[in-house]
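In: What shape does this take:
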Amino acid sequence: MYPVEKIRSILKDHKQGAEWLYQNYGHKLVGYSVNVYNISEDAGWDLVYKTIYKMLEVVVDHEFENEQKLGGFMFRTFVNYLKNHLRDEKTRTGGAVIISIEDSKRDFANKGGDGPGNMRMRLLKAELDKLEGWQRILLLMHSQGSSYAEIAKFVNKPEGQLKVYYQRLKNRLAETLQEKLKTEEELKNATNR
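Out: Residues are numbered from 1 along each chain as shown. Modelled structure (predicted):
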């Protein structure tokens with residue numbers, strides 16, 4: 001444990017402070033968000049960075065008795081960002097649940113060709129067919145847990161940009177599928193009247 005004065009001097013230098021907070025708290029917070037709230041590791045890291053920058057902003061206005069109190073404050077800040085992220089994600093998707101390919105295949109096998117899983121699968125396949133090859137590789141390899149460094153070898157894109165490409169691609173697919181599912185449901189309801 002560091003003395004409070006040492007921590008305060010480290011955090012006054014933003015670069016050194018960001019590094020210290022990252023090394024001492026980054027992996028713990030990401031692990032918490034992934035294991036407890038089941039969010040993606042990428043989203044967890046985004047929240048960690050937000051928390052670190054917020055801490056560097058506000059730490060000069062706060063007095064902490066010890067490193068443990070600082071850690072508690074950082075954890076509360078992180079959890080607030082995490083809850084906001086979950087609320088925003090639920091709002092963005094309209095409460096829609098994204099199903100996995102395995103679940104969709106199981107729906108298809110259990111319910112026959114016209115089940116809701118098959119419709120989702122058909123729409124997903126149509127959207128995936130529209131993507132460029134490197135985009136499909138990025139989605140597939142990331143879903144299998146491959147690192148961005150490993151993926152970069154296959155897609156000829158800078159490793160540092162793959163996270164951004166992945167997030168944009170995932171969000172675009174989710175929004176497109178949600179719109180198309182809504183349209184399909186409306187058409188189905190209109191024909192049943």
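
In: for the protein, where's the lowest mean pLDDT among helices and strands?
Out: helix 101-111 (a mean of 52; mean pLDDT, DSSP states H and E).

In: In three-state terms, label the nearest residue to Tyr148 once chain neighbours are set aside for me.
Out: The shortest distance from Tyr148 to any non-neighbouring residue, by CB to CB, 6 or more residues apart in numbering, is to Leu162 (4.3 Å). Any C-beta I mention is one placed from the backbone N, CA and C, and that applies to glycine too. Assigned with DSSP: H, G, I helix; E, B strand; the rest coil, Leu162 falls in the helix class.

In: for Leu162, what are its contacts?
Out: By CB atoms under 8 Å, 6 or more residues apart in numbering, the contact list for Leu162 reads Leu138, Tyr148, Ile151, Ala152, Val155.

In: Can you flag which of those belong to helices?
Out: Members of the contacts of Leu162 lying in helices (criterion: DSSP state H): Leu138, Tyr148, Ile151, Ala152, Val155.

In: and the fourth one, how far is that from Lys15?
Out: Distance of Ala152 to Lys15, computed by CB to CB, to the nearest Å: 26 Å.

In: just the third one next, same as before
Out: Between Ile151 and Lys15 the distance, using CB to CB, works out to 29 Å.

In: Which one's more surrounded, these two?
Out: Comparing Ile151 with Lys15 by neighbour count (other CB atoms under 10 Å), the higher total belongs to Ile151, at 22 against 8.

In: That one and His142 touch, don't they?
Out: Yes: with contacts counted by CB atoms under 8 Å, Ile151 reaches His142, the gap being 6.6 Å.

In: picking up where we left off before, quick one: which of the contacts of Leu162 is nearest Val79?
Out: Tyr148 (26.6 Å; CB to CB).

In: Enumerate every residue touching the closest one.
Out: His142, Glu159, Leu162, Lys163.

In: Between those, identify the one with the most neighbours.
Out: Result: His142 is most packed of the contacts of Tyr148 (other CB under 10 Å), 22 neighbours.

In: Quick check, Leu56 in contact with Glu19.
Out: No: the pair Leu56 / Glu19 is not scored as a contact, 10.8 Å apart, by CB under 8 Å.
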